[in-house]
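K.L.:
output the structure for:
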Amino acid sequence: MYCWGNFLSYAPASLLFFDGVSRPGVTPDAIQVLPVALIALNLGMPIGAKLNKKVGPRITTLIGCIAMVVGTFVSSYTTRLLPFMFWYSLVSGLGVGLGYSTPMIAGWSWFPARKGLINGLTLFGFGFGAFIFNKVGTNLASSGMAWGSMIRQISIMYAAVSFLGSLLIKAKPPLEECGVGEDAATASVVASFDESCEPPSATFKQAVTSRRFLILWSIGLMAFTPGLTILAIYKRFGMSNPAALIANDALLSTIGGLGAITSGLGRVLWGGIVDKVGFQKGYVSQTLLQLVFMLALPLSVNSPLLFGTSICAALSLYGGSIAMYVTCSAQTFGVKNAGEIYSVLFSALALASVVGAKLVISLLPKVGWKGIFGVLAGMSAANLGLLELFRRERATKAVWE
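P.N.:
Just a heads-up that it's a prediction; the model follows:
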């Protein structure tokens, strides 16, 4: 999924536009592959959360992996963009959504006081996978392998890795004694993880109809759009001026791979930070840094080092914003219905990907790349105001607390 920004440069001309007609120099319709995949991921998350409660995280994740692999594999045989997006974005995205939150929820059952770190470590794997398969895809394409064969080879690798990984997921047995130092409402009692061992949780209805939810959803939209936009267009931006020092396919592919690693490391780093300093301080710091790097990017075209640093930093901050966001959701609304609640909150990320794609398509001809990055920086600035609103809202006790 997160490899699409790189894979797009190897896609055949028939997959770039819905009508199959090549238009050099025009933003391709295929830039919407990632946004649609994220929407599908969002649709799969509530199904996965309910399935997780019935059959457990291992089987839920395995079902999701099967859908992801099948969608990717079948997409390799399509020759037009719409059917390609059905399989690659919709079917595969639904599969990813089914298993997206199950490893994190299982991890919370073992380490309830370290939710941020658990989220970060889990999501690091998500980002590191993109690094590995970015390099794999580039190597296969550079060897002269045809597009369809490349995608099929990658899907087989997906199957081997994801099926094995799903078998390693296990939740803590339900009857455990709450220990000292955990998020315990009542210590030294025998109870299930998601009831007495945690503070009171909001019901699904209480959460999604609360003012806290609305503000937090808006924070997510503003936080995720810059990172997702960079993820989708970094290579196109780098190649937009052939005379620029960064206009090199191998260099940009390497930067994309490093960005995937730093995105994963950012999830671990900021996940640990939010456990120590709290969501408010962590997210404000992340937002300020994001603003700085959005402004720096258009100035970096003649410095591969500055460009690579800015891309990696932006993706690291994007990864960290997701890890902290998941943690804040669990801390704000509790863990009992965390999967269902977060699946709705996650729609902010799906919409952010659409906003980013539409922003580039509609504004790039009018304001240029500098204007695009200026808009993204403005979103980060607006998010500082939303974070202050959220701080004030959390100061008031919620009905479920």
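
K.L.:
hey, let's count contacts and neighbours off CA atoms from now on
P.N.:
OK.

K.L.:
after the lowest-mean-pLDDT helix or strand in the chain, next one along is what?
P.N.:
Within the chain, confidence by mean pLDDT, DSSP states H and E is lowest for strand 190-191 among all helices and strands, at a mean of 34. Later in the chain than strand 190-191, the nearest helix or strand by DSSP states H and E is helix 204-208.

K.L.:
any idea whether Ala171 is helix, strand or coil?
P.N.:
Classification of Ala171 by DSSP: H, G, I helix; E, B strand; the rest coil places it in coil.

K.L.:
tell me which helix or strand the spatially closest residue to it that is not a sequence neighbour sits in.
P.N.:
Spatial nearest neighbour of Ala171, excluding adjacent residues (C-alpha to C-alpha, 6 or more residues apart in numbering): Ala106 at 4.4 Å. Per DSSP H and E: Ala106 is located in helix 102-110.

K.L.:
same deal with Ile341?
P.N.:
Taking DSSP H and E as the criterion, Ile341 maps to helix 338-345.

K.L.:
export only the CA atoms of that helix, formatted as PDB.
P.N.:
Written as PDB, here are the backbone C-alpha positions of helix 338-345 (Å, rounded to 0.1, in the frame of the first residue of the first chain):
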ATOM      1  CA  ALA A 338     -11.100   0.600  21.100                       C
ATOM      2  CA  GLY A 339     -11.200  -1.200  17.800                       C
ATOM      3  CA  GLU A 340     -14.600   0.000  16.800                       C
ATOM      4  CA  ILE A 341     -14.000   3.600  17.900                       C
ATOM      5  CA  TYR A 342     -10.600   3.900  16.300                       C
ATOM      6  CA  SER A 343     -12.000   2.500  13.000                       C
ATOM      7  CA  VAL A 344     -14.200   5.600  12.800                       C
ATOM      8  CA  LEU A 345     -11.500   8.000  13.900                       C
END
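
K.L.:
now it: average pLDDT?
P.N.:
Here helix 338-345 scores 84 as its mean pLDDT.

K.L.:
and Val26, how many residues sit next to it?
P.N.:
Look at Val26: counted by other C-alpha atoms under 10 Å, it has 10 neighbours.

K.L.:
on that earlier part again, and the helix holding Ala106, what does it pack onto?
P.N.:
Packing partners of helix 102-110 (3 or more C-alpha pairs under 8 Å, 6 or more residues apart in numbering; DSSP states H and E): helix 33-55, helix 57-75, helix 115-142.

K.L.:
need these in JSON lines with mean pLDDT and distance to Gly259, can you?
P.N.:
As requested, these are exported to JSON lines (pLDDT from 0 to 100; distance: least, C-alpha to C-alpha, whole Å):
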{"stretch": "helix 33-55", "mean pLDDT": "89", "distance to Gly259": "17"}
{"stretch": "helix 57-75", "mean pLDDT": "96", "distance to Gly259": "23"}
{"stretch": "helix 115-142", "mean pLDDT": "85", "distance to Gly259": "8"}
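
K.L.:
in which helix or strand would I find the nearest residue to Leu140 once chain neighbours are set aside?
P.N.:
Sequence neighbours aside, Met150 is the residue nearest to Leu140 in space, at 6.2 Å (criterion: C-alpha to C-alpha, 6+ apart). Secondary structure from DSSP H and E places Met150 in helix 147-167.

K.L.:
pull the CA atoms of that helix into CSV?
P.N.:
C-alpha atoms of helix 147-167 as CSV (Å, rounded to 0.1, in the frame of the first residue of the first chain):
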residue,chain,number,x,y,z
TRP,A,147,4.7,-4.9,-14.5
GLY,A,148,2.3,-7.8,-14.1
SER,A,149,5.1,-10.3,-13.2
MET,A,150,6.6,-7.8,-10.8
ILE,A,151,3.3,-7.4,-8.9
ARG,A,152,2.7,-11.2,-8.8
GLN,A,153,6.2,-11.8,-7.5
ILE,A,154,5.7,-9.3,-4.8
SER,A,155,2.3,-10.7,-3.8
ILE,A,156,3.8,-14.1,-3.3
MET,A,157,6.4,-12.6,-1.0
TYR,A,158,3.5,-10.8,0.8
ALA,A,159,1.8,-14.1,1.4
ALA,A,160,4.9,-15.8,2.9
VAL,A,161,5.7,-12.9,5.2
SER,A,162,2.1,-12.0,6.3
PHE,A,163,0.8,-15.6,6.8
LEU,A,164,3.8,-16.3,9.1
GLY,A,165,3.4,-13.0,11.0
SER,A,166,-0.3,-13.7,11.6
LEU,A,167,0.5,-16.9,13.4
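
K.L.:
which of the residues in that helix are buried?
P.N.:
The neighbour-count check on helix 147-167 (16 or more other C-alpha atoms under 10 Å) flags 147-148, 150-155, 158-159, 162-163, 166 as buried.

K.L.:
nearest to Gly71, of those residues?
P.N.:
The nearest member of the buried residues of helix 147-167 to Gly71, counting by C-alpha to C-alpha, is Ser155 at 8.8 Å.

K.L.:
from Val161, how far out is the closest one?
P.N.:
Note on Ser155: its distance to Val161, by C-alpha to C-alpha, to the nearest Å, is 10 Å.

K.L.:
ditto for Leu265
P.N.:
Remark: distance between Leu265 and Val161 (C-alpha to C-alpha) = 20 Å.

K.L.:
cool, and Ala382?
P.N.:
Using C-alpha to C-alpha, Ala382 is found at 40 Å from Val161.
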